[in-house]
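Participant: Quick check, what structure comes out for this input:
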Amino acid sequence: MVNGLEWAERPWGSWHVIDDGQGYKVKRIHVKPGQRLSYQTHKHRSEHWVVIFGMATCVIDGETVVAGPGESIDVETGQAHRITNMHSEELIIIEVQHGAYTGEDDICRLEDDYGREDDDLAALDAELRA
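Facilitator: Next comes the predicted model:
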(Lines give C-alpha, C1' and ligand atoms only; values in the text may rest on other atoms or scores of the structure.)
Protein backbone atom coordinates (compact mmCIF):
# COMPACT_ATOMS: atom_id res chain seq x y z
CA MET A 1 0.00 0.00 0.00
CA VAL A 2 1.08 3.55 -0.69
CA ASN A 3 -0.51 6.37 1.34
CA GLY A 4 -3.08 3.84 2.55
CA LEU A 5 -4.20 2.96 -0.99
CA GLU A 6 -3.57 -0.29 -2.84
CA TRP A 7 -1.32 -0.74 -5.85
CA ALA A 8 0.11 -3.78 -7.60
CA GLU A 9 2.53 -4.74 -10.34
CA ARG A 10 1.24 -7.36 -12.76
CA PRO A 11 2.91 -9.11 -15.73
CA TRP A 12 0.92 -6.84 -18.08
CA GLY A 13 1.61 -3.55 -16.21
CA SER A 14 0.25 -2.11 -12.95
CA TRP A 15 -2.76 -0.64 -11.19
CA HIS A 16 -3.10 1.98 -8.49
CA VAL A 17 -6.20 2.70 -6.41
CA ILE A 18 -7.04 6.40 -6.61
CA ASP A 19 -10.14 6.27 -4.39
CA ASP A 20 -12.07 3.58 -2.53
CA GLY A 21 -15.37 3.84 -0.71
CA GLN A 22 -18.65 2.11 0.09
CA GLY A 23 -19.75 0.39 -3.13
CA TYR A 24 -17.04 1.78 -5.43
CA LYS A 25 -13.33 1.78 -6.24
CA VAL A 26 -11.40 3.95 -8.72
CA LYS A 27 -8.14 2.69 -10.26
CA ARG A 28 -5.53 4.01 -12.66
CA ILE A 29 -4.44 1.10 -14.86
CA HIS A 30 -1.19 1.10 -16.87
CA VAL A 31 -0.90 -1.56 -19.61
CA LYS A 32 2.52 -2.16 -21.17
CA PRO A 33 2.85 -2.16 -24.97
CA GLY A 34 1.87 -5.52 -26.47
CA GLN A 35 0.30 -6.82 -23.24
CA ARG A 36 -3.23 -7.70 -22.17
CA LEU A 37 -5.17 -8.44 -19.02
CA SER A 38 -6.96 -11.72 -18.31
CA TYR A 39 -10.22 -12.48 -20.09
CA GLN A 40 -12.36 -12.46 -16.95
CA THR A 41 -15.71 -11.86 -15.28
CA HIS A 42 -16.80 -10.35 -11.95
CA LYS A 43 -19.76 -11.53 -9.86
CA HIS A 44 -20.15 -8.44 -7.69
CA ARG A 45 -19.20 -5.38 -9.72
CA SER A 46 -19.53 -3.51 -12.98
CA GLU A 47 -16.70 -1.45 -14.48
CA HIS A 48 -16.53 1.80 -16.43
CA TRP A 49 -13.26 2.44 -18.31
CA VAL A 50 -12.07 5.81 -19.59
CA VAL A 51 -9.00 5.84 -21.82
CA ILE A 52 -6.56 8.58 -20.78
CA PHE A 53 -3.55 7.80 -22.99
CA GLY A 54 -3.02 5.30 -25.82
CA MET A 55 -5.47 3.03 -27.61
CA ALA A 56 -7.38 0.24 -25.87
CA THR A 57 -8.56 -2.82 -27.77
CA CYS A 58 -11.20 -4.41 -25.54
CA VAL A 59 -13.18 -7.60 -25.83
CA ILE A 60 -16.59 -7.54 -24.11
CA ASP A 61 -18.51 -10.83 -24.30
CA GLY A 62 -16.63 -11.73 -27.48
CA GLU A 63 -17.12 -8.40 -29.27
CA THR A 64 -14.11 -6.16 -29.96
CA VAL A 65 -14.30 -2.45 -29.14
CA VAL A 66 -11.46 0.03 -29.74
CA ALA A 67 -11.29 3.22 -27.67
CA GLY A 68 -8.90 6.17 -27.63
CA PRO A 69 -8.29 9.08 -25.25
CA GLY A 70 -11.52 10.50 -23.83
CA GLU A 71 -13.60 7.52 -24.91
CA SER A 72 -15.22 5.13 -22.45
CA ILE A 73 -16.42 1.53 -22.27
CA ASP A 74 -18.93 -0.03 -19.87
CA VAL A 75 -18.69 -3.60 -18.59
CA GLU A 76 -21.76 -4.94 -16.81
CA THR A 77 -21.57 -7.36 -13.88
CA GLY A 78 -20.96 -10.87 -15.22
CA GLN A 79 -19.77 -9.82 -18.70
CA ALA A 80 -16.54 -11.43 -19.89
CA HIS A 81 -13.97 -8.75 -20.69
CA ARG A 82 -10.33 -8.02 -21.46
CA ILE A 83 -8.18 -4.95 -22.17
CA THR A 84 -5.32 -5.21 -24.69
CA ASN A 85 -2.62 -2.70 -25.60
CA MET A 86 -1.70 -3.55 -29.20
CA HIS A 87 0.45 -0.45 -29.65
CA SER A 88 4.04 0.63 -28.92
CA GLU A 89 3.21 3.14 -26.17
CA GLU A 90 1.80 2.65 -22.69
CA LEU A 91 -1.99 2.52 -22.30
CA ILE A 92 -3.49 4.38 -19.32
CA ILE A 93 -7.09 3.80 -18.28
CA ILE A 94 -9.16 5.07 -15.36
CA GLU A 95 -11.42 2.28 -14.11
CA VAL A 96 -14.46 2.97 -11.95
CA GLN A 97 -15.79 -0.16 -10.24
CA HIS A 98 -19.30 -0.13 -8.84
CA GLY A 99 -20.87 -2.86 -6.74
CA ALA A 100 -21.43 -4.35 -3.34
CA TYR A 101 -17.92 -5.85 -3.31
CA THR A 102 -14.82 -4.58 -5.14
CA GLY A 103 -12.11 -6.88 -3.73
CA GLU A 104 -9.34 -8.22 -5.95
CA ASP A 105 -10.57 -11.77 -5.40
CA ASP A 106 -13.81 -11.09 -7.33
CA ILE A 107 -12.24 -12.35 -10.53
CA CYS A 108 -13.09 -15.47 -12.49
CA ARG A 109 -10.35 -15.87 -15.10
CA LEU A 110 -11.48 -17.45 -18.35
CA GLU A 111 -8.11 -17.05 -20.12
CA ASP A 112 -4.74 -15.76 -18.91
CA ASP A 113 -1.55 -15.30 -20.95
CA TYR A 114 0.62 -15.58 -17.85
CA GLY A 115 -0.67 -18.88 -16.42
CA ARG A 116 -2.18 -17.27 -13.33
CA GLU A 117 -4.95 -19.02 -11.42
CA ASP A 118 -7.72 -17.41 -9.35
CA ASP A 119 -6.04 -18.78 -6.18
CA ASP A 120 -2.91 -16.76 -7.03
CA LEU A 121 -5.02 -13.60 -6.92
CA ALA A 122 -6.50 -14.44 -3.54
CA ALA A 123 -2.96 -14.81 -2.15
CA LEU A 124 -1.92 -11.45 -3.65
CA ASP A 125 -5.01 -9.79 -2.20
CA ALA A 126 -4.18 -11.19 1.25
CA GLU A 127 -0.65 -9.72 0.94
CA LEU A 128 -2.10 -6.31 0.08
CA ARG A 129 -4.34 -6.38 3.16
CA ALA A 130 -1.48 -7.38 5.50
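
Participant: Does residue 94 touch residue 19 like I think?
Facilitator: No: with contacts defined as CB atoms under 8 Å, residue 94 does not count as touching residue 19, sitting 10.4 Å away. C-beta: built from backbone N, CA, C; applies to glycine.

Participant: which one of those two has more residues nearby?
Facilitator: Taking other CB atoms under 10 Å, residue 94 and residue 19 do not tie; residue 94 has more neighbours (15 against 10).

Participant: can you tell me which residues contact the more buried one?
Facilitator: By CB atoms under 8 Å, 6 or more residues apart in numbering, the residues touching residue 94 are 18, 26, 27, 28, 29, 49, 50, 52.

Participant: quick one: the fourth one from residue 111, how far?
Facilitator: Between residue 28 and residue 111 the distance, using CB to CB, to the nearest Å, works out to 24 Å.

Participant: ditto for the third one
Facilitator: Counting by CB to CB, the gap between residue 27 and residue 111 amounts to 21 Å.

Participant: So between these two, which is more surrounded?
Facilitator: Neighbours per residue (other CB under 10 Å) separate residue 27 from residue 111, with residue 27 holding more: 23 against 11.

Participant: That one touches residue 13, doesn't it?
Facilitator: No: under the contact definition of CB under 8 Å, residue 27 does not touch residue 13, with a separation of 11.5 Å.

Participant: residues shared between the contacts of residue 94 and residue 19?
Facilitator: Common contacts of residue 94 and residue 19, defined by CB under 8 Å, 6+ apart, comprise residue 26.

Participant: can you give me the helices in this structure?
Facilitator: 118-129 (DSSP state H).
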